[in-house]
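Chemist: what would the 3D arrangement of this be:
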Amino acid sequence: VYSRCFFALKYNHSEYTSGFARSIREKTHVWQLTGDGRHDKNMKTVLFLVWKSFGNEFIIEELEKRGFEIDFFDFPKDAENTRNSIDLTEAIARRVLRTRPDFVFSFNYYPVVAIACKACRTKYVSWVYDSPYILLYSQTILYDTNRVFLFDSHEVEKLRGLGAEHVYYMPMGSAVEYYDTLEPTPEMHQMYDSDVTFIGSMYSEQRQYLYHHLENVDEYTKGYLDGIMQVQKSLYGIDVLEEALTPDIIGRMQKVCPVQANGDGMETVAWSFANYFLARKVTQMERRELLEALSERFQVKLFTPEKTPFLPKVDNMGRIDYYERAPYAMKCAKINLNISLRSIHTGIPLRALDIMGCGGFLITNYQSDFNEYFVPDEDYVFYDGKEDLLNLVAYYLEHEDERKKIAENGYRKVKKLLSYGGQVDKILGMI
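Modeler: A predicted model of the protein is given here:
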């Protein structure tokens with residue numbers, strides 16, 4: 001039976017869902033008859049999948065405030081195949097039957113969880129903050145037991161166009177109450193004070209820099225890819241990479257890097273190349289160019305685990321813990337910079353929300369989802385190119401009162417509209 005399930009998973013998802021999920025349902029019936037199911041119907045319970053995610057402690061606290069008992073499941077996302085592990089699916093299904101939660105929750109989306117929840121007729125709530133995130137294109141995203149929340153409205157529209165009816169737009173939350181308790185010491189100011197601070201990857205690490213797999217393409221393809229990436233680097237709010245990858249170019253790329261769609265996946269090869277390879281390369285190019293230009297005129301501090309000998313005038317501060325230390329750096333910087341990963345098409349990056357949630361002044365590239373919650377030049381500032389960014393930084397360093405007023409407005413908006421508590425309430429109201 002399980003051999004057939006694995007074959008169906010790889011080659012025919014409809015057979016997989018009808019076979020594997022049915023077998024799980026049959027087992028759940030046996031487990032129920034043997035007395036495995038135990039549940040106090042008067043108690044609200046969440047089965048919470050624990051892994052090293054951003055925000056675990058904050059959403060747990062908010063759920064507990066709302067009367068939920070949390071049943072923790074150690075989720076081995078790095079050790080198991082979260083797309084098609086039968087053992088992991090079965091383990092989740094057993095736990096669901098034992099605790100009978102109101103719903104299962106995870107940060108990011110995992111097909112094995114969706115399969116277990118569908119088999120057990122239990123809602124699976126996931127809140128996705130990674131981008132790109134290929135597991136969203138598993139056909140399990142179509143299940144009616146899912147409630148999947150994404151921070152990028154463009155991605156929501158795309159998945160809904162593929163038939164995923166239970167995918168919703170939900171920006172990430174900022175832990176404003178926690179950030180309010182943090183006050184930089186004089187020693188922290190000495191370490192973190194800067195004209196401009198950027199926290200994030202430079203996409204030069206081998207595990208992040210997937211474009212190196214394409215370095216041996218023929219000269220024509222190399223020139224074509226360089227051209228469309230330069231165009232994309234100059235554009236904000238418009239995505240050209242995926243549509244620019246013609247069948248001929250994709251074929252040439254696959255000769256040196258044979259990317260294939262997953263057996264149960266709805267993603268295209270063009271989508272994978274555009275979002276995992278080219279978008280990261282564009283982001284790498286853009287971040288290097290902007291930080292180098294800024295460092296020629298201003299004091300720039302960079303927090304990243306990567307070595308940056310290509311940015312000799314940037315003060316590379318090394319790795320920083322995102323929740324323990326980064327808030328202090330955001331509070332100490334005169335200007336906090338966000339340069340979005342280019343696979344985030346319209347969404348508000350978590351970094352941007354947390355900068356504002358810390359009371360920091362934010363300058364960011366244009367992302368259209370900001371418009372739903374914030375007013376540019378009142379709550380934050382966006383740039384539309386290198387020269388514009390340089391001019392904006394110079395202006396706001398000279399106009400401290402304006403800078404502080406905008407930072408205060410942004411902080412108040414995030415606290416009112418996009419706190420963890422508020423976002424949890426919205427999610428609970430939609431499931």
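Chemist: can we go C-alpha only for contacts and neighbour counts from here?
Modeler: OK.
Chemist: quick check, pLDDT for the closest residue to residue 216 other than its chain neighbours.
Modeler: In this structure, residue 216 finds its nearest non-sequential neighbour in residue 256, 6.5 Å apart by Cα to Cα, 6 or more residues apart in numbering. Here, the pLDDT recorded for residue 256 equals 96.
Chemist: same deal with residue 79?
Modeler: Here, the pLDDT recorded for residue 79 equals 89.
Chemist: helix, strand or coil: sort out it for me.
Modeler: coil (DSSP: H, G, I helix; E, B strand; the rest coil).
Chemist: tell me the helices and strands packed up against the helix or strand hosting residue 197.
Modeler: Secondary-structure assignment from DSSP states H and E places residue 197 in strand 194-199. Taking 3 or more Cα pairs under 8 Å, 6 or more residues apart in numbering; DSSP states H and E as contact, the helices and strands that strand 194-199 lies on are strand 300-303, helix 326-332, strand 333-338.
Chemist: wait, which of these is closest to residue 137?
Modeler: Using Cα to Cα as the criterion, the shortest distance between residue 137 and the helices and strands packed on strand 194-199 is 27.4 Å, found for strand 333-338.
Chemist: what helices or strands is the closest one leaning on?
Modeler: Other helices and strands packing on strand 333-338, by 3+ Cα pairs under 8 Å, 6+ apart, are strand 194-199, helix 350-357, strand 362-365, helix 386-398.
Chemist: most packed of these?
Modeler: For the helices and strands packed on strand 333-338, ranked by mean neighbour count under the definition mean count of other Cα atoms under 10 Å, the leader is helix 350-357 at a mean of 25.
Chemist: what about that one, distance to the chain center?
Modeler: Here the centre of helix 350-357 is set off from its chain's centre by 13 Å, with Cα atoms, centre = their mean, to the nearest Å.
Chemist: equivalent analysis for stretch 288-306, please.
Modeler: A distance of 24 Å separates the centroid of the chain from that of stretch 288-306, by Cα atoms, centre = their mean.
Chemist: can you tell me what sits against that stretch?
Modeler: Counting contacts by Cα atoms under 8 Å, 6 or more residues apart in numbering, the residues outside stretch 288-306 that touch it are 194-202, 204-205, 311, 313-320, 386, 390.
Chemist: quick one on the thing from earlier: out of the helices and strands packed on strand 333-338, flag the one nearest residue 238.
Modeler: When these are ranked by proximity to residue 238, the top entry is strand 362-365, at 12.2 Å, counting by Cα to Cα.
Chemist: check which strands are paired with that closest one and give the direction for each one.
Modeler: The strands that strand 362-365 pairs with in its sheet are strand 333-338 (parallel), strand 381-383 (parallel) (by DSSP bridges).
Chemist: any chance of those strands in JSON lines with mean pLDDT, mean neighbour count and distance to residue 408 as columns?
Modeler: Formatted as JSON lines, the strands paired with strand 362-365 follow (pLDDT from 0 to 100; neighbours: other Cα atoms under 10 Å; distance: least, Cα to Cα, whole Å):
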{"stretch": "strand 333-338", "mean pLDDT": "98", "mean neighbour count": "25", "distance to residue 408": "13"}
{"stretch": "strand 381-383", "mean pLDDT": "98", "mean neighbour count": "20", "distance to residue 408": "13"}
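Chemist: for residue 218, which of those strands is the nearest?
Modeler: Of all the strands paired with strand 362-365, the one in closest proximity to residue 218, counting by Cα to Cα, is strand 333-338 (34.4 Å).
Chemist: that closest one to helix 350-357, inter-axis angle?
Modeler: Going by axes from the mean of the first three to the mean of the last three Cα atoms, to 10 degrees, strand 333-338 is angled at 150 degrees with respect to helix 350-357.
Chemist: and strand 333-338, C-alpha only, in PDB?
Modeler: Coordinates of each C-alpha in strand 333-338 appear next as PDB, following Å, rounded to 0.1, in the frame of the first residue of the first chain:
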ATOM      1  CA  ALA A 333      20.000  53.700  13.800                       C
ATOM      2  CA  LYS A 334      19.000  57.100  12.400                       C
ATOM      3  CA  ILE A 335      17.800  55.400   9.300                       C
ATOM      4  CA  ASN A 336      16.900  51.700   8.800                       C
ATOM      5  CA  LEU A 337      17.100  50.400   5.300                       C
ATOM      6  CA  ASN A 338      14.900  47.600   3.800                       C
END
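Chemist: looking at the helices and strands packed on strand 333-338, which is closest to residue 331?
Modeler: Between residue 331 and the helices and strands packed on strand 333-338, the shortest separation by Cα to Cα is 7.9 Å, and it involves helix 350-357.
Chemist: and the closest residue to residue 211 other than its chain neighbours, how far from residue 259?
Modeler: With Cα to Cα, 6+ apart as the criterion, residue 211 has its nearest non-adjacent residue at 5.0 Å, and that residue is residue 277. Plainly put, residue 277 is 11 Å away from residue 259 if you go by Cα to Cα, to the nearest Å.
Chemist: so which elements touch the helix or strand that contains residue 178?
Modeler: Following DSSP H and E, one finds residue 178 within helix 176-180. The helices and strands touching helix 176-180, judged by 3+ Cα pairs under 8 Å, 6+ apart, are helix 350-357.
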